[in-house]
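Student: I'll drop the sequence and a predicted model, then ask my questions.
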Amino acid sequence: MTGLTVVTGAAGYLGRRIVARLLAETGDRLLLTVRGEPAGLETSLRRELGATHQDRITVVPVDLLDPAPFRAVDPSPVTRVVHVAARTEFTVPLPVARAVNVAGTRKVAEFAARCPGLRRLLVLSTLYSAGERTGEVTERAHDGAAGFANHYEWSKYEAERLLTGYAGLPLSVARPATVVADDATGAVSRHNAFHNTLKLYFYGLLSLVPGDPDTRLYLADADFTARGAVRLADPDTPAGIYHLAPSPAETVSLGTLIQDVFDVFETDPGFRRRRVLRPRFCDRDSFRDLVTAARGLSASPLAAALDSVAPFAAQLFLPKRFDNRRLAAAWPSRPPVRVRELAAVACAELVRTRWGRSGVSRMEKIA
């Protein structure tokens, strides 16, 4: 198909990769929305995307905190909307999560509803919208009854829930896994809670692992996620909810991951000199008590370390099995995600670059 695709959050980590894939795999013109100073971002985006597709992209400023963020966008030629913009930190405050992730999604849906030629609205959510439920999680709407470990999880659930009020839209929701690398080589150009937690272990600032060793981890790389998003944005792909994630058989347990990570750490001479012991697992109540006690110690490095881990640690005690058979059926050619190998090569890259302090690990490439 050829048409006009609007991409929100186009200047972000995943947004840039999805834009590159849309240019490579479709003939659409792209209207890219960015927050902040558009001229600088447009220059940066155009430089990364190369000269081939310059005439197919238009960059416009859109801030989802604006009461009418799409007032300057003509809805009549729009055929697809891909909503990527979001706050994705586990520590995001409630007012920010509500304003950006919930109210922002509502504004995107209202804009999509005004597009007469719309053939697909794809909204990127997260596996964490399942909150604190355990067991089998299917590619269906959540009920939210189990509660949520942090405001980020709640906001993505709430955004999914409000979208059910737009029954007339050709809507798909993608729930990506945690992205730990740019691609299968393990290159890392953006750090999140996964990378920051490994850093704490590497420097001996954390000696406990909150979680059940048998909890399965759903990790992926950004290239897989962007390819999947473009597939789900295709109007010929059935609408609905998809777990954009590895299959349960492709995942790795938390216990195995910790052992693999320390195997990588111990190849580094500096790490070996510090004689850091492998961490021990602790139960949820013990970890909660430790966090509470550490917060009573002002300016404690331990308190700072635990505060960075605590917002998502609850999930490591809540085993889930994310079914992705709808994704497999809709994307039969999807590449395998070798989660254990991916985590190991990403960890090796972090150690080699000292979490980026030794310079950019690899030039961020947009295919």
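Tutor: That came through fine.
Student: neighbouring contacts of the helix or strand that contains A304?
Tutor: Here A304 sits within helix 301-313, counting by DSSP states H and E. By CB atoms under 8 Å, 6 or more residues apart in numbering, the list of residues contacting helix 301-313 from outside reads 90-91, 149-150, 152, 193, 196-197, 200, 205-206, 210-211, 287, 290-291, 294-295, 297. (Each C-beta comes from the backbone N, C-alpha and C, glycine too.)
Student: now R278. Nearest residue, chain neighbours left out?
Tutor: In space, and not counting its chain neighbours, R278 is closest to F262: 5.1 Å by CB to CB, 6 or more residues apart in numbering.
Student: try L316
Tutor: Closest to L316 by CB to CB, 6+ apart is G211, at 2.8 Å.
Student: need the contact list for that neighbour.
Tutor: 254, 281, 313, 316-317.
Student: hey, where'd the helices end up in the stretch 51-200 of the chain?
Tutor: Assigned by DSSP state H, counting those that start in this stretch, the stretch 51-200 of the chain shows helices spanning 94-96, 104-113, 151-163, 193-202.
Student: kindly compare burial across those helices and name the winner.
Tutor: Mean neighbour count (mean count of other CB atoms under 10 Å) peaks for helix 151-163 among these, with a mean of 23.
Student: what lies in contact with the helix or strand bottoming out on mean pLDDT in the chain?
Tutor: Least confident helix or strand, the chain: helix 38-49 with a mean of 74, by mean pLDDT, DSSP states H and E. Residues external to helix 38-49 that are found in contact with it (CB under 8 Å, 6+ apart): 10-11, 16, 19-20, 23, 32, 34, 54, 57, 59-61, 364, 366.
Student: go on, stretch 275-290?
Tutor: Residues outside stretch 275-290 that contact it (CB under 8 Å, 6+ apart): 201-204, 206-213, 255, 258-259, 262, 265, 306, 310, 313-314, 317.
Student: could I get the average pLDDT for it?
Tutor: Per-residue pLDDT values over stretch 275-290 give a mean of 91.
Student: next, the buried residues of it.
Tutor: Going by neighbour count (16 or more other CB atoms under 10 Å), the buried part of stretch 275-290 is 276, 279, 281-282, 287, 290.
Student: let me know the closest of those residues to A226.
Tutor: Using CB to CB, P279 is the member of the buried residues of stretch 275-290 that lies nearest A226, at 33.1 Å.
Student: and the gap between the closest one and L316?
Tutor: P279 sits at a distance of 12 Å from L316 (criterion: CB to CB, to the nearest Å).
Student: what sits in contact with each of these two?
Tutor: With CB under 8 Å, 6+ apart as the test, P279 and L316 both reach V209.
Student: what pairs with the closest residue to L127 other than its chain neighbours across the strands?
Tutor: Nearest residue to L127 in three dimensions, chain neighbours excluded: R175, at 5.0 Å (CB to CB, 6+ apart). When bridges are taken as DSSP bridges, the partners of R175 come out as H243.
Student: my understanding was that R175 contacts A229; is that so?
Tutor: No. R175 lies out of contact with A229 (CB atoms under 8 Å); the separation is 11.1 Å.
Student: identify the contacts common to those two.
Tutor: Applying CB under 8 Å, 6+ apart, one finds that R175 and A229 are jointly contacted by L244.
Student: in three-state terms, how would V337 be classified?
Tutor: coil (DSSP: H, G, I helix; E, B strand; the rest coil).
Student: setting the sequence-adjacent residues aside, check what's closest to it.
Tutor: Counting by CB to CB, 6+ apart, the residue nearest V337 is P246, at 3.8 Å.
Student: state the distance from F322 to P248.
Tutor: Distance from F322 to P248, by CB to CB: 7 Å.
Student: counting neighbours, go ahead and name the busier of the two.
Tutor: Using other CB atoms under 10 Å as the criterion, F322 and P248 rank with F322 on top: 21 against 14.
Student: show me what contacts that one?
Tutor: Here F322 is in contact with 127, 130, 137, 175, 177, 218, 243, 245, 248 (CB under 8 Å, 6+ apart).
Student: quick one: the fifth one from R216, how far?
Tutor: Note on A177: its distance to R216, by CB to CB, is 11 Å.
Student: repeat that for the first one.
Tutor: Noted for L127: a distance of 11 Å to R216, by CB to CB.
Student: overlap in contacts, those two.
Tutor: By CB under 8 Å, 6+ apart, L127 and R216 have these common neighbours: K320.
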